[in-house]
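Asks: Sequence and predicted structure below; questions after.
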Amino acid sequence: MNIDHDLLKKFEAGLDPQNLKNSSVPAVILGFGEISTVFQIGGCADTAYKRMHLFQNIASAERYAGQFLEYCNLLAESGLKLPESGTAIVALPGRPVVLYIAQKILPPERFAHKLIHVLSPDETKKLIGKIVSQIDLVWKYNSKNIPTSEISIDGQLSNWVFIENGSCGTPYFVDTSTPLYRKKGIEQLDPELLLQSAPGFLRWILRLLFLNDVMNRYYDKRQVCIDLVANLYKEQKEDLVQPAVETINNLIFGETDPLSVKEVEKYYSTDKIIWALFLSFRRFDCLMKTKIFGKRYEFILPGKIRR
């Protein structure tokens, strides 16, 4: 994939994380991850750039880029379709090293979390069924390859784009930027990188209470499916929860150990509290660093998130 490295250098050099409109290179925020930001930068209308974790040195950024590539290859081996992508490392004097993951922009109106607001109930059930079938491909791959390799996946609605081709379309998986996979049972990603955006005073408790849970949930097919259905609450589509649970049970869990709406509700309530608190502490950390200590806060925070 062709990546404009000079543009990224100029963008990073002139980036004001708390006042994007003041940045020297124009950019539009396309979306937020829990620990990253996705941009359309300058005149690159067909490329989305995800600004990733901040690294201490180029070597650690290169290691992450290599893991990203290996993870994408493993996902493709499992049968998932992925958009074209690539990486670029930006190292500026006096700044943390930044990794950008570039990805071909797919039609924004075809993301699953947007489609559920325009499709009929029957079409939405088909869409959920297609996503679940894609998730199942990952576990079929794992059943054949553990312990040599094992891949995980975040299957939430906003990570799937349906390119039109028949009913609903062909699903593409776009959330490839956090390479969670194991080789011979050993997690390849340094878990400390997931704490980079957390306030320093909070990292010990996040490490103790939440880090393993957050990483391990994506290796559990049941948890991934529950998280997928829980997205419907976030999207204010509670009426779709029961049909989605039924669809997933019909495709995967059957009558032996079926998912329940109560199980999804409990998960969503807990998850909503965790991420709301996390964002609140990040905002407090930003305030302290910029207003009290006069330092630069490297992360870009989202506005109010409806959950």
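Replies: Ah, there it is.
Asks: Looking only at residue counts, what's the top helix in the protein?
Replies: helix 261-287 (DSSP state H).
Asks: Mind listing what's buried along that helix?
Replies: For helix 261-287, a neighbour-count test (16 or more other CB atoms under 10 Å) marks Val264, Glu265, Tyr267, Tyr268, Asp271, Phe278, Leu279, Arg282, Asp285, Cys286 as buried. Where C-beta positions appear, they are placed from N, C-alpha and C, glycine not excepted.
Asks: so which strand or helix has the nearest residue to the third one once chain neighbours are set aside?
Replies: Think Tyr267. Of all residues not flanking Tyr267 in the chain, Ile226 sits nearest, at 5.0 Å (CB to CB, 6 or more residues apart in numbering). Per DSSP states H and E: Ile226 is located in helix 221-234.
Asks: what ranges do the helices span in the stretch 151-300 of the chain?
Replies: 203-209, 211-216, 221-234, 241-248, 261-287 (DSSP state H, counting those that start in this stretch).
Asks: Serialize these to a markdown table and add fields for mean pLDDT and distance to Ile35.
Replies: Formatted as a markdown table, the helices of the stretch 151-300 of the chain follow (pLDDT from 0 to 100; distance: least, CB to CB, whole Å):
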| stretch | mean pLDDT | distance to Ile35 |
| --- | --- | --- |
| helix 203-209 | 72 | 12 |
| helix 211-216 | 76 | 11 |
| helix 221-234 | 95 | 17 |
| helix 241-248 | 96 | 27 |
| helix 261-287 | 87 | 9 |
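Asks: Please pull out the lowest mean pLDDT helix or strand from this protein.
Replies: One helix or strand of the chain scores below all others by mean pLDDT, DSSP states H and E: helix 203-209, with a mean of 72.
Asks: what does the model give the nearest residue to Asn249 once chain neighbours are set aside for pLDDT?
Replies: Counting by CB to CB, 6+ apart, the nearest residue to Asn249 once its immediate chain neighbours are dropped is Pro258, at 4.3 Å. Per-residue pLDDT puts Pro258 at 93.
Asks: Next, Pro258: phi, psi?
Replies: Backbone torsions of Pro258, given as degrees, to the nearest 10, read phi -70, psi 150.
Asks: Please apply the same query to Ala27.
Replies: According to degrees, to the nearest 10, Ala27 has phi -150, psi 150.
Asks: what's the answer for Ile3, then?
Replies: Torsion angles, degrees, to the nearest 10, at Ile3: phi -120, psi 130.
Asks: Name the SS class of Leu30, please.
Replies: Assigned by DSSP: H, G, I helix; E, B strand; the rest coil, the conformation of Leu30 is strand.
Asks: Neighbours of it, how many?
Replies: 14 (other CB atoms under 10 Å).
Asks: And for Leu202?
Replies: 16.
Asks: show me what contacts it?
Replies: Phe281 (CB atoms under 8 Å, 6 or more residues apart in numbering).
Asks: Any stretches of this structure with poor pLDDT?
Replies: Along the chain, segments meeting pLDDT under 70 span 34, 165-167, 208-211, 303-307.
Asks: mind checking how far the residue nearest the centre of it is from Cys72?
Replies: The structure's the chain has its C-alpha centroid closest to Asp175; by CA atoms, centre = their mean the separation is 4.8 Å. Distance of Asp175 to Cys72, given as CB to CB, to the nearest Å: 11 Å.
Asks: can you check Pro258 too?
Replies: 33 Å.
Asks: Look at those two and report which has more neighbours.
Replies: Cys72 (19 against 14).
Asks: helix/strand/coil for that one?
Replies: Assigned with three-state DSSP, Cys72 falls in the helix class.
Asks: The nearest residue to it once chain neighbours are set aside: how many residues sit nearby?
Replies: Spatial nearest neighbour of Cys72, excluding adjacent residues (CB to CB, 6+ apart): Thr176 at 5.2 Å. As a burial measure, Thr176 scores 22 neighbours (other CB under 10 Å).
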